[in-house]
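Undergrad: Sharing a model prediction with you, sequence too.
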Number of protein chains: 2
Amino acid sequence: MIETPYLLFLGDAPDQLAAKVAQGIKDWRPQNALGQFRMEGCGADLGLKDMTLEEAKAAGVKTMVIGVANRGGHISDSWRDVMVRALELEMDIASGLHNLLRDEGPLVAAAQTYGATLHDVRVPSVGYPIANGRKRSGKRVLAVGTDCSVGKMYTALAMDAEMNKRGMKSTFRATGQTGILITGHGVPLDAVIADFMAGSVEYLTPDNDDDHWDHIEGQGSLFHASYSGVTMALIHGGQPDALILAHEPTRTHMRGLPDYSLPTLDQLRDTALPLARVVNPKCQVAGVSVNTQHFGEDQALSYLEELEKRMGIPAVDPFRQGAGRLVDALEAI
Amino acid sequence: MIETPYLLFLGDAPDQLAAKVAQGIKDWRPQNALGQFRMEGCGADLGLKDMTLEEAKAAGVKTMVIGVANRGGHISDSWRDVMVRALELEMDIASGLHNLLRDEGPLVAAAQTYGATLHDVRVPSVGYPIANGRKRSGKRVLAVGTDCSVGKMYTALAMDAEMNKRGMKSTFRATGQTGILITGHGVPLDAVIADFMAGSVEYLTPDNDDDHWDHIEGQGSLFHASYSGVTMALIHGGQPDALILAHEPTRTHMRGLPDYSLPTLDQLRDTALPLARVVNPKCQVAGVSVNTQHFGEDQALSYLEELEKRMGIPAVDPFRQGAGRLVDALEAI
């Protein structure tokens, strides 16, 4: 559990795209983002108040979140100096960088001296159980994709936000580093040991009120040769009551696998649903979430309309249209 | 790679069943098993020559393999004394015990002093790649089960032995601790980090001669809520040309999951084959391997006959009947 509120560290991010973790926090949990910290040469700007570390501390910041990828895969001296100073001010630091904070001697020393915590969210910090498959109370929805990186996390966050707006009981359950930094907790599923994957998802989505929805962040794809095992564990550990099919219609091959074409949405439905019903016989496919960012508005809308007519379930782009109709479909279950 | 030949350490095994790892080595790689080492009160006997450590060394043993489960989950003083002496004689030690050799100070010290190696086969010793899904040369067969522990490893070892007998090119590829100890190498798949599971299976089964068969040891089941992700990674990393369906017909529920009934063999076929064809469109289901140990001979044979007629592919119990007909079916592919 990462303590909020946050100061978002943008460092010397070359552009806005490099700061997408910070952008995600600001978009989805604005109440957690008190300010931003930018260094010489920073090309990103979230439109938040620029703060010094001392101002952040005075404003009540508990954790500085590294909201940017580092260049060249190492933590530079200038970043490290800032981090040490934050720890001296007794702020925690949270990071999803490949190179771990805990491997940096000066950070470990400062954290110990000042009683601050280093959160490396790529690394599991819990001994997860083996999955037991027992039916849990409460409701769960999982987005499964025709490919990786087609908008599964966005879809889950948008449905969670819509449910909160409607006063429904709802929690986004992060399974990746960006999601964990956005919400402050979750399971870094891609770093969990094979035997404990499904168990970690059960741990993440425990018994809950009958009218509570967990929005489980999806990972990988059943059709992606590299990561399908992770997706399978999400389906069986997550025990979803509803699946949302996620798709990006201009993708010409599976991400990182040039020899692999994408499955159709029908193939995805017909593969994922029977597997989900192994653990939850009542599971239904509730809708389709399409990332239409590469389409113009007219093309996007006509694509969605045709898809919806053909498949007989709501087909929406939650970025263009909001997640209202997906939530309607979940409410109808 | 564990160096052969072995001395099989049976310790104070209470009975034959407790020594099943050692039994597996003796059954499948008798040429590797030079002798057995038994302590006071040992209730197991493999029928091998009883050797002192000094005799084993003189006979050319390279590695002492812990062929028995330890009681109470710790390595007793009496075991440790034997292990230290083996290391002093410059023999390596290989173990699949839960508690690791490398966590035992006296063993680590002795290994360093005498230049011997401690093999903890439960723990990956390789940095596996992310799977790339590229088509590899050579042929691969994978047994997939209706449940865990239905005879997948036995089936693979039996098919490998039959191919060797016929002079075919064939390798058993271990993915679990027992298999690794039997053959001296492999991937401890259940202990691999999620993102690298499929990649570790690709690493295990690289390009090979066009007429060479890899017999990949199966794990878990697509229908087992706890381990299905591991099975999925085996299917997509293994890129099988042929699947063998494995089944134990008297099982009343999924192993360890009292609320889950087993799928039918038809469900298993219809689930596993389309998933396998994602990475290898030519994959076929070649046969069924049934563990009929709880049936009498007549019941077993009539069960297999009916099954074969119904499914239209060879159905055999390799323990009763040998794997000849399964290998025939693979040769026909």
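TA: Structure's in. What do you need? Computed from a predicted model, the values in this text were never measured in an experiment. Residues are numbered from 1 along each chain as shown, chains lettered A, B, ... in the order given.
Undergrad: Check which residues of the helix or strand harbouring A:G199 are buried.
TA: Element membership for A:G199, per DSSP states H and E: helix A:197-204. Neighbour-count burial for helix A:197-204 flags A:M197, A:A198, A:G199, A:S200, A:V201, A:E202, A:Y203, A:L204 (criterion: 16 or more other CB atoms under 10 Å in any protein chain shown). (C-beta placed from N, C-alpha, C; glycine too.)
Undergrad: Run through these and flag the ones next to chain B.
TA: Filtering the buried residues of helix A:197-204 for neighbours of chain B using CB under 8 Å from any CB of the partner chain leaves A:M197, A:A198, A:G199.
Undergrad: can you redo the residues you listed as TSV with pLDDT?
TA: TSV is the format used below for these (pLDDT from 0 to 100):
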residue	pLDDT
A:M197	98
A:A198	98
A:G199	98
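Undergrad: Tell me the residues of the stretch 201-333 of chain A that contact chain B?
TA: A:222-223, A:225-233, A:235-237, A:254, A:256-257, A:259-260, A:263, A:271, A:274-275, A:278-279.
Undergrad: how about a cut-off of 7 Å?
TA: With CB under 7 Å from any CB of the partner chain as the criterion, the stretch 201-333 of chain A meets chain B at residues A:223, A:225-230, A:232-233, A:236, A:257, A:259-260, A:271, A:274, A:278-279.
Undergrad: from the residues you listed, which would you call buried?
TA: Buried subset of those (neighbour count, 16+ other CB under 10 Å): A:223, A:225-230, A:232-233, A:236, A:257, A:260, A:271, A:278-279.
Undergrad: Among those, which are located in helices?
TA: Counting by DSSP state H, these place A:S228, A:G229, A:V230, A:M232, A:A233, A:H236, A:T271, A:V278, A:V279 in helices.
Undergrad: hang on, the earlier thing: can you tell me which of the buried residues of helix A:197-204 is closest to chain B?
TA: Using CB to the nearest CB, A:M197 comes nearest to chain B of the buried residues of helix A:197-204, at 4.8 Å.
Undergrad: Please name the nearest non-neighbouring residue to the closest one.
TA: A:A233 (3.5 Å; CB to CB, 6 or more residues apart in numbering or on different chains).
Undergrad: Looking at the ones in helices among the buried ones among the residues of the stretch 201-333 of chain A next to chain B, which is nearest A:D45?
TA: Distance to A:D45, by CB to CB, is smallest for A:V230 among these, at 34.4 Å.
Undergrad: where's that closest one relative to B:Q219, distance?
TA: The gap separating A:V230 from B:Q219 is 15 Å, by CB to CB, to the nearest Å.
Undergrad: And A:D328, by the same measure?
TA: A:D328 is 41 Å from B:Q219, by CB to CB.
Undergrad: cool, and A:D266?
TA: Distance, A:D266 to B:Q219, using CB to CB: 30 Å.
Undergrad: Mind checking which of these two has more residues around it?
TA: Higher neighbour count among A:D266 and B:Q219: B:Q219, with 27 against 11, using other CB atoms under 10 Å in any protein chain shown.
Undergrad: Where do the strands of chain A begin and end?
TA: Applying DSSP state E to chain A gives strands spanning A:6-11, A:33-38, A:63-66, A:92-95, A:118-120, A:139-145, A:169-173, A:212-216, A:242-247, A:284-290, A:315-316.
Undergrad: ok so, going back, okay, the residue nearest to A:M197: pLDDT?
TA: pLDDT for A:A233: 98.
Undergrad: now swap in the one 4 residues further on and tell me
TA: The model reports A:G237 with a pLDDT of 98.
Undergrad: Compute the number of surrounding residues for it.
TA: 31.
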